[in-house]
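[1] pasting a predicted model and its sequence here:
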Amino acid sequence: MTTLTSYLDTNKNTEITPALKDVITTITEVGKTISQLLRKGALADILGEAGQENVQGETQKKLDVLANDLLLDALTHNQHCAGVASEELDDATPANTEGSLLVLFDPLDGSSNIDINMAVGTIFSILPYQRQGHLSTNSDFLQAGNQQLAAGYLLYGTSTVFALTVAEGVAMFSLDPDTGDYILIENDVRIDADTSEYAINSSNYRYWLAPMQQYIDELIAGKTGVRGRDFNTRWVAAMVGDVHRILCRGGLFTYPFDTKDPNKPGKLRLMYEANPTSLLIERAGGAATDATARILDISPTDIHQRVPVVLGSKNEVDYIKKLHLQHADND
Ligand code: F6P
Ligand code: MN
């Protein structure tokens, strides 16, 4: 049996530096606390909107706010962490000027799932920091996803699972609630290039671009259409859950470009959601694009920018990309 601690210690990969080990351990320790709070559910008096009062007249903290505060506090106290950026906070928080790492996180992805007892997760990304001696600022975080030193997520589902990529490959661990250890359950996660399963919120159909409408039309036509086989939909409503399913059994996930809100080119956040999940998916043999360009090569201009996302089994991702490029040529 291999624990996360022994995996990080004994992994031959020299790119797992002591600083990375320490920061990853901090994140997974906070993950245990978040997992316990979620297990208690309504009993922990944590459900509902932040700012509301509970029966004792105390102000409640919504669980995503609580998860954010726990991660922020633990990471800013980690000596290796030079700065922390959260999806929940407008600006990054500078931490230790001698630290070599920057950490970004989505504290509770899919948080609307909490109130209905469904899966949610914590997604994180770790970037290098090179301006030792100076306080980090938002602009230090504006690095392409291909610069990530590590990325992963904690999924709080029927069990708590931790997925991690550092330097190469993807490993998966399961939290043993009795011992508090993360136990290695998969050393080298791989995604098949082909799939018959896809995830999309189809209620946005009328806002999509023509190539995405064409793609979904073809999947729905199944055996009777150009694809010549049937497809099946699965939608967790928490990206982290859909990504986990794809790492487990393949599939295609997309939150594509839409015209619903002209100020938002996509729904998902590049730095907290798209980059870390794209790194995991690529390292497991899948692909991730905004429909035409590789997500990991996008140069960010804002820590909170949004991006269209298409990721998962390589042949489907490539096919969607081909449809978009063909349409662009015809325009
Ligand atoms: O964080 C954004 C998010 O909650 C994702 O986790 C999820 O995939 C998506 O939004 C769900 O969006 P919708 O409301 O369209 O189902
Ligand atoms: Mn999210």
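    That came through fine. Ligands and ions are numbered 1, 2, ... in the order given.
[2] look up which residues are beta-bridged to the closest residue to ligand 2 within the stretch 51-200 of the chain.
    Taking Cβ to the ion as the measure, the point where the stretch 51-200 of the chain comes nearest ligand 2 is residue 109, at 3.5 Å. All C-beta atoms are positioned from the backbone trio N, CA, C, and that covers glycine. With DSSP bridges as the criterion, the beta-bridge partners of residue 109 are residue 121.
[3] element containing the closest residue to residue 190 other than its chain neighbours, please.
    Taking Cβ to Cβ, 6 or more residues apart in numbering, and ignoring the residues beside it in sequence, residue 190 has residue 285 as its nearest neighbour in space, at 5.2 Å. Following DSSP states H and E, there is no helix or strand that holds residue 285.
[4] quick one, what contacts residue 285?
    Residues near residue 285 by Cβ atoms under 8 Å, 6 or more residues apart in numbering: 190, 191, 193, 314.
[5] among these, name the ones in helices.
    In helices, defined here by DSSP state H, the members of the contacts of residue 285 are residue 314.
[6] most surrounded residue in the contacts of residue 285?
    Taking other Cβ atoms under 10 Å to define a neighbour, the member of the contacts of residue 285 with the most is residue 191, carrying 25 neighbours.
[7] roughly how far does it sit from residue 288?
    Residue 191 sits 11 Å away from residue 288, going by Cβ to Cβ, to the nearest Å.
[8] shared neighbours of those two, anything?
    Listed as contacting both residue 191 and residue 288 by Cβ under 8 Å, 6+ apart are residue 281.
[9] would you mark the buried spots in stretch 151-167?
    By neighbour count on 16 or more other Cβ atoms under 10 Å, the buried set for stretch 151-167 is 151-157, 160-166.
[10] please read the previous query as pertaining to stretch 111-118.
    Of the residues in stretch 111-118, those buried by neighbour count under the rule 16+ other Cβ under 10 Å are 111, 113, 114.
[11] which one among the contacts of residue 285 gets closest to residue 271?
    Comparing those against residue 271 with Cβ to Cβ places residue 191 closest, at 22.9 Å.
[12] these two touch, right, that closest one and residue 248?
    No - Residue 191 sits out of contact with residue 248 when judged by Cβ atoms under 8 Å, with a separation of 9.1 Å.
[13] those residues of the chain touching ligand 2, which are they?
    Of all the residues in the chain, those in contact range of ligand 2 (Cβ under 5 Å from the ion) are 106, 109.
[14] longest helix in the chain, please.
    helix 18-40.
[15] now that one: average pLDDT?
    Confidence for helix 18-40, expressed as mean pLDDT, is 96.
[16] oh, and call the first residue 307 from now on, that's how I've got it
    That works, and once the first residue is 307, the last one we named lands at helix 324-346.
[17] packing partners for that helix?
    The helices and strands touching helix 324-346, judged by 3 or more Cβ pairs under 8 Å, 6 or more residues apart in numbering; DSSP states H and E, are helix 310-316, helix 369-382, strand 407-415, strand 426-434, strand 456-462, strand 466-472, strand 474-481.
[18] let me have these in a markdown table, adding mean pLDDT and distance to residue 530 as columns.
    As requested, the helices and strands packed on helix 324-346 are arranged in a markdown table below (pLDDT from 0 to 100; distance: least, Cβ to Cβ, whole Å):
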| stretch | mean pLDDT | distance to residue 530 |
| --- | --- | --- |
| helix 310-316 | 92 | 47 |
| helix 369-382 | 95 | 43 |
| strand 407-415 | 97 | 36 |
| strand 426-434 | 98 | 37 |
| strand 456-462 | 98 | 36 |
| strand 466-472 | 97 | 37 |
| strand 474-481 | 96 | 36 |
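[19] nothing else from me, thank you.
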